[in-house]
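Colleague: sequence and predicted structure, then a few things I'm wondering about:
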Amino acid sequence: MNKLNRGLIVSCQAEEGSPFNSPEFIAAFAKAAVLGGATAVRVRDPENVASVRKVVTLPVIGLTKGYYSTGTVLITPNIDDVIRLVDAGADIVAVDATRRPRPDGTSGAEFLRLVKSTVKVAVMADISNLDEGVTAADAGADYVSTTLSGYTEETKHANGLPDIDLVRAISSRVSTPVIA
């Protein structure tokens, strides 16, 4: 449970089409993050997780990205993605735990429970608001992360900065560690 220490989690990702979007560059980003004092890295796609796992010993948070029909991002869309991330070496798997129905009709909390019953790694619930944070903690999330604040229809008004008020509100309601 206590894989993450207080400190900076560095996202080591590159967008599709970027010249940096290859396992060797993502691994180099992760090594640089370690040199800079990161306590964990967040890495997209199993091939990148495997490459990073070879060069760092700190926790690797793995995820994949899909999309809802609206074009908004869906973090780790299905259980096959989860299994591939774990097999690649992810210590923690990030999943979309918002209340938006997933393409298969399940809620974020239902998917989170499925993940917890399928794999034996920590699960980080990416949420966008207080209700989702509390629901994710109740569903068994090992960590609740405000990653999606500002990226859902009801939170799109956010200014792109970490939502410290949301972190404070969730932290006052759950015992699960909250990540900004």
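Modeller: Noted; the coordinates are in hand.

Colleague: got a list of what the most centrally placed residue in the chain touches?
Modeller: In the chain, the centroid-proximal residue (C-alpha atoms, centre = their mean) is residue 94; its distance is 3.0 Å. Taking C-beta atoms under 8 Å, 6 or more residues apart in numbering as the criterion, residue 94 is in contact with 42, 61, 62, 63, 75, 76, 123, 124, 125, 126, 145, 147. Yep, even glycine has a C-beta here, placed from its N, CA and C like the rest.

Colleague: tell me the bridge partners for it.
Modeller: Beta bridges link residue 94 to residue 124 when assigned by DSSP bridges.

Colleague: ok, back up a step: quick one, which of the contacts of residue 94 are buried?
Modeller: The neighbour-count test (16 or more other C-beta atoms under 10 Å) marks 42, 61, 62, 63, 75, 76, 123, 124, 125, 126, 145, 147 as buried among these.

Colleague: average pLDDT for stretch 16-29, rounded please.
Modeller: Averaged across stretch 16-29, pLDDT comes to 95.

Colleague: can you point out the buried residues in it?
Modeller: By neighbour count on 16+ other C-beta under 10 Å, the buried set for stretch 16-29 is 23, 25, 26, 27, 28, 29.

Colleague: who touches the third one in this structure?
Modeller: Right, residue 26. By C-beta under 8 Å, 6+ apart, the contact list for residue 26 reads 12, 13, 14, 20, 43, 48, 51, 52.

Colleague: let's have those residues in CSV, adding secondary structure.
Modeller: Converted to CSV, the contacts of residue 26 look like this (DSSP: H, G, I helix; E, B strand; the rest coil):
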residue, secondary structure
12, strand
13, coil
14, coil
20, coil
43, strand
48, helix
51, helix
52, helix
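
Colleague: which one of the residues you listed has the most neighbours?
Modeller: Greatest neighbour count in the contacts of residue 26, by other C-beta atoms under 10 Å, goes to residue 43: 32 neighbours.

Colleague: that residue pairs with what?
Modeller: Residue 43 forms beta bridges with residue 12, residue 62, as assigned by DSSP bridges.

Colleague: surely it touches residue 61?
Modeller: Yes: assessed by C-beta atoms under 8 Å, residue 43 is found in contact with residue 61 at 6.9 Å.

Colleague: list residues touching both of those two?
Modeller: Common neighbours of residue 43 and residue 61 (criterion: C-beta under 8 Å, 6+ apart): residue 90.

Colleague: what about the closest residue to residue 20 other than its chain neighbours, distance to residue 164?
Modeller: Excluding the flanking residues, the one nearest residue 20 by C-beta to C-beta, 6 or more residues apart in numbering is residue 14, at 4.1 Å. Distance, residue 14 to residue 164, by C-beta to C-beta, to the nearest Å: 27 Å.
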